[in-house]
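# I would like the atomic coordinates for the input below:
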Amino acid sequence: MRLYFDNAATSPMMPEVIDEMTKVMHETYGNPSSIHAHGREARVLIEKARKTVAECINASTGEIFFTSGGTESNNMALKCAVRDLGVERIITSPMEHHCVLHAAESLQRDCGIELVYVELHKDTVVDHADLERLLSTSNKKTLVSFMHANNETGCMIKLQEVADIVKSHGALFHTDTVQSIGHFPLDVQKTKIDFLSGAAHKFHGPKGVGFIYINGDNMLKPLIDGGSQERNMRAGTENIYGIVGLAKALELSCQHMNEWSAHIKGLRSYMLEQVQSVIPDAYPVGGFREPHLYTVLNISFPASPKSKMLLMLLDMEGVSASGGSACSSGSDKGSHVLSAMSEPTDRQAVRFSFSHYNTRNEVDTLVSKLAKILQPAGEASLG
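Presented below is the predicted three-dimensional model:
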């Protein structure tokens, strides 16, 4: 049986989610834009799902729009803010997901916006003093875009403090919460956010569906033109069963957040202890400070004849893990996140990411396999 430690790339769907989606596939096949009974049944399911998502982040239902996932939501926030709200300047960080960085770069290239990168603090998150400086040195209408939790290292910004800084300077604030939603409580009434992105498959929902929260004070036009779906904000027939699956997964994740987070935090700490007991020179990339995305443990392993092949060797041993963002798995440029953190290039970083389905026995088996691969010949290993 294989071990799955790549939940930050995508998480397995919960049985309850599959059951909800299967029921919709069997019973609710009408087009939600149709006015007959079958269409109205489908529309009711979408609006019920919208209400569930809104309640999970304390938003109004009129501020939630379903999309194809985090990439579309992030592109929509940045590109529509420039086109519709007069944004002339974007402040972001070099550690963002590529869908934000590349969207910002395209706006710089095609629309002439000013693109500025905030300095990183020694703990690899946004330097608040530099953010204050950047916001104070320009009168251009500015959008600030930071991910809540980094998908490669698990380092998190202090969302409330960053939002307060941004709003005190009259700027717009977008946050990519793809990795954190469903794992941490979010309240858009308390934390003043203009745009927030989420994706179902990161919290045990289906792939290909996500959402964007757009604060009601910001009037945007669609990124995708066509029909009048999603209150005229996103054309295209809705992915009904995907939307229902997203809402069910988020509802369950929020209901069990305390229970599941305690379990995962315990596994994460236990695994680091066990790894360092057999490979003392291993260390967690980005440290172990709070706040931290508890589902992610990125470990830097010392250089060895096998370390550069570690992911492949783990795969051969039946372990699924990652070297970083799954979206960049075909790139030979290495991790832009680790580069921004000045991580040593002779070491090998592996991201292990957890869910509530993982167990301590799985961690023991994983550590045994790591020891078998990395310990020099002749040394005793676990197992």
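
# what domains does the record give for this protein?
Taking automatic domain parsing as the reference, the chain has its domains at 3-11+256-373, 15-255.

# would you list these in TSV and tack on mean pLDDT and mean neighbour count?
Heads up, the C-betas are built off the backbone N, CA and C, glycines and all. Shown next, in TSV, are the domains of the chain (pLDDT from 0 to 100; neighbours: other CB atoms under 10 Å):
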stretch	mean pLDDT	mean neighbour count
domain 3-11+256-373	89	18
domain 15-255	96	19
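
# who are the contact partners of Phe203?
Residues in contact with Phe203 (CB atoms under 8 Å, 6 or more residues apart in numbering) are Ser11, Ile181, Gly182, His183, Ala249, Leu250, Ser253.

# my read: the first one touches His204, true?
Right, Ser11. Yes. Counting by CB atoms under 8 Å, Ser11 touches His204, with 4.8 Å between them.

# shared neighbours, those two?
Ser355.

# next secondary structure after the helix or strand encompassing Val82?
If you go by DSSP states H and E, Val82 is part of helix 70-85. Remark: after helix 70-85, the chain's next helix or strand is strand 89-92, criterion DSSP H and E.

# okay, now the sheet partners of that following strand, with direction.
strand 114-117 (parallel), strand 142-147 (parallel) (DSSP bridges).

# excluding chain neighbours, what is closest to Val166?
Nearest residue to Val166, sequence neighbours excluded (CB to CB, 6 or more residues apart in numbering): Phe173, at 4.3 Å.

# sheet partners, orientation included, of the helix or strand harbouring the one you found?
Using DSSP H and E, Phe173 sits within strand 172-176. Paired neighbours of strand 172-176 in the sheet (DSSP bridges): strand 142-147 (parallel), strand 195-199 (parallel).

# relative orientation of the next helix or strand after the first one and strand 142-147 in degrees?
Think strand 142-147. Downstream of strand 142-147, the next assigned helix or strand under DSSP H and E is helix 159-168. Angle of helix 159-168 versus strand 142-147, following axes from the mean of the first three to the mean of the last three CA atoms, to 10 degrees, is 170 degrees.

# restricting to C-alpha, output helix 159-168 in CSV.
Extracted C-alpha coordinates of helix 159-168, given in CSV (Å, rounded to 0.1, in the frame of the first residue of the first chain):
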residue,chain,number,x,y,z
LEU,A,159,-3.3,38.1,7.9
GLN,A,160,-5.0,40.5,10.3
GLU,A,161,-1.9,42.7,10.8
VAL,A,162,-1.2,42.8,7.0
ALA,A,163,-4.8,43.7,6.2
ASP,A,164,-4.8,46.5,8.8
ILE,A,165,-1.6,47.9,7.3
VAL,A,166,-3.0,47.7,3.7
LYS,A,167,-6.4,49.3,4.6
SER,A,168,-4.7,52.1,6.7
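
# report all helices and strands that it contacts.
Where contact means 3 or more CB pairs under 8 Å, 6 or more residues apart in numbering; DSSP states H and E, helix 159-168 is packed against helix 128-136, strand 142-147, strand 172-176.

# show me where the chain has its helices.
Using DSSP state H, the helices of the chain run over 15-27, 37-57, 70-85, 98-111, 128-136, 159-168, 229-232, 240-255, 257-278, 310-316, 336-340, 360-374.

# among the ones you listed, which is nearest Ser353?
For the helices of the chain, proximity to Ser353 was assessed by CB to CB; helix 257-278 is nearest, at 9.4 Å.

# what's the closest one packed up against?
For helix 257-278, the packing partners by 3+ CB pairs under 8 Å, 6+ apart come out as strand 296-301, helix 360-374.

# can you list contacts of that helix?
Contacts with helix 257-278, where a contact means CB under 8 Å, 6+ apart, come from 182-185, 253, 282-284, 288, 294-295, 297, 299, 352, 354-356, 358-360, 363-364, 366-367, 370-371, 375, 381-382.
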